[in-house]
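Student: The amino acid sequence is not available; the structure is as follows:
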Ligand SMILES: Nc1ncnc2c1ncn2[C@@H]1O[C@H](COP(=O)(O)OP(=O)(O)O)[C@@H](O)[C@H]1O
Ligand SMILES: Nc1ncnc2c1ncn2[C@H]1C[C@H](O)[C@@H](COP(=O)(O)O)O1
């Protein structure tokens with residue numbers, strides 16, 4: 001019996017991984033997909049035409065980047081539904097608006113008119129009964145210190161050049177955002193409670209917790 005069957009996780013489940021930059025979403029996405037034999041849906045970072053420009057000039061590119069991410073994630077969502085689920089998704093669409101767009105608007109690096117245009121498009125596309133929400137959102141949390149170490153370890157140049165205060169601001173916002181999130185069931189996991197890099201078996205404890213929320 002495989003782990004998916006052992007913990008009664010339906011074959012068509014959709015599991016989204018949320019959490020701040022560098023916390024370990026992509027690593028968890030790969031580990032879960034591998035253990036459950038699910039497909040993966042990743043954010044496009046290397047081929048993103050706006051990301052480098054955005055980090056170099058938030059004010060100029062924040063609207064373009066949000067529109068790009070919204071379109072990409074919406075297309076991914078369509079693919080997931082059309083192929084009948086069975087997916088692990090690296091980052092939720094809800095973080096785009098609840099964290100990133102809001103933060104740039106409130107910090108003055110997205111104009112009011114751009115923010116309103118973006119949020120009305122987001123609401124029309126996502127906050128409707130036609131948009132299927134995930135079966136569970138796994139929220140990865142950890143200390144700011146450990147997360148900053150991971151951003152450094154991964155070494156994406158544009159993230160290294162970004163002031164620490166940007167990651168601190170995002171970290172605070174994530175805590176507040178997840179405490180008010182109620183669109184789908186949430187499973188909070190602390191990054192200190194598993195170690196899938198040196199002990200691949202530790203993914204089973206995460207799957208057991210998913211099984212308690214997502215039952216056949
Ligand atoms: N469980 C873990 N233990 C140790 N290092 C980890 C773990 N998960 C991720 N990392 C490391 O942290 C960095 C960021 O991880 P990543 O999965 O890319 O984060 P995210 O997708 O949330 O931005 C990478 O260098 C990765 O190897
Ligand atoms: N919606 C977004 N707005 C701005 N920046 C974003 C958004 N979504 C992702 N990003 C950035 C943050 C990171 O630099 C990369 C990838 O995120 P990660 O958490 O490492 O998967 O894109």
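Tutor: All right, it came through fine. These numbers were taken from a predicted model, which means no experiment stands behind them. Ligands and ions are numbered 1, 2, ... in the order given.
Student: use CA for all of it now, contacts and neighbours both
Tutor: OK.
Student: wait, does the helix or strand encompassing residue 103 make contact with ligand 2?
Tutor: Remark: residue 103 resides in helix 102-106, with elements defined by DSSP states H and E. No: Helix 102-106 does not reach ligand 2 (CA under 6 Å from any ligand atom); its nearest approach is 8.5 Å.
Student: just checking, next helix/strand downstream of that helix?
Tutor: helix 112-126.
Student: Mind listing the strands the following helix or strand past that following helix pairs with, and their directions?
Tutor: On the C-terminal side of helix 112-126, the nearest following helix or strand under DSSP H and E is strand 136-141. Strand pairing for strand 136-141, using DSSP bridges, gives strand 14-18 (parallel), strand 186-190 (parallel).
Student: Run the chain-centre distance for strand 136-141.
Tutor: Relative to the centre of its chain, strand 136-141 is centred 8 Å away, using CA atoms, centre = their mean, to the nearest Å.
Student: contact partners of it?
Tutor: 14-20, 23-25, 92, 178, 184-191, 210, 213-214 (CA atoms under 8 Å, 6 or more residues apart in numbering).
Student: could you redo the last one with a cut-off of 7 Å?
Tutor: Here strand 136-141 makes contact (CA atoms under 7 Å, 6 or more residues apart in numbering) with 15-19, 23, 184-191.
Student: Just the buried ones among these, please.
Tutor: 15-19, 23, 186-187, 191 (16 or more other CA atoms under 10 Å).
Student: Now narrow these to whatever sits close to ligand 1.
Tutor: Among those, the residues lying close to ligand 1 (CA under 6 Å from any ligand atom) are residue 23.
Student: Make a markdown table out of the buried ones among the contacts of strand 136-141 and add distance to residue 56 and pLDDT.
Tutor: Converted to a markdown table, those look like this (distance: CA to CA, whole Å; pLDDT from 0 to 100):
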| residue | distance to residue 56 | pLDDT |
| --- | --- | --- |
| 15 | 33 | 98 |
| 16 | 29 | 98 |
| 17 | 27 | 98 |
| 18 | 25 | 98 |
| 19 | 23 | 98 |
| 23 | 23 | 98 |
| 186 | 34 | 98 |
| 187 | 34 | 98 |
| 191 | 30 | 96 |
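Student: Tell me the residues on the protein that lie near ligand 2, please.
Tutor: Looking at ligand 2, the residues of the chain close enough under CA under 6 Å from any ligand atom are 20-22, 45, 66, 69, 96, 100.
Student: how about the helices of the chain, start to end?
Tutor: Using DSSP state H, the helices of the chain run over 3-6, 25-36, 51-56, 58-82, 94-95, 102-106, 112-126, 144-154, 157-160, 164-179, 203-213.
Student: could the ones you listed go into JSON lines alongside mean neighbour count, distance to ligand 1 and mean pLDDT?
Tutor: Listed next are those as JSON lines, based on neighbours: other CA atoms under 10 Å; distance: least, CA to the nearest ligand atom, whole Å; pLDDT from 0 to 100:
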{"stretch": "helix 3-6", "mean neighbour count": "15", "distance to ligand 1": "19", "mean pLDDT": "95"}
{"stretch": "helix 25-36", "mean neighbour count": "19", "distance to ligand 1": "4", "mean pLDDT": "96"}
{"stretch": "helix 51-56", "mean neighbour count": "17", "distance to ligand 1": "14", "mean pLDDT": "97"}
{"stretch": "helix 58-82", "mean neighbour count": "17", "distance to ligand 1": "15", "mean pLDDT": "96"}
{"stretch": "helix 94-95", "mean neighbour count": "18", "distance to ligand 1": "12", "mean pLDDT": "98"}
{"stretch": "helix 102-106", "mean neighbour count": "17", "distance to ligand 1": "18", "mean pLDDT": "98"}
{"stretch": "helix 112-126", "mean neighbour count": "15", "distance to ligand 1": "22", "mean pLDDT": "97"}
{"stretch": "helix 144-154", "mean neighbour count": "14", "distance to ligand 1": "4", "mean pLDDT": "97"}
{"stretch": "helix 157-160", "mean neighbour count": "14", "distance to ligand 1": "11", "mean pLDDT": "96"}
{"stretch": "helix 164-179", "mean neighbour count": "14", "distance to ligand 1": "12", "mean pLDDT": "98"}
{"stretch": "helix 203-213", "mean neighbour count": "17", "distance to ligand 1": "10", "mean pLDDT": "96"}
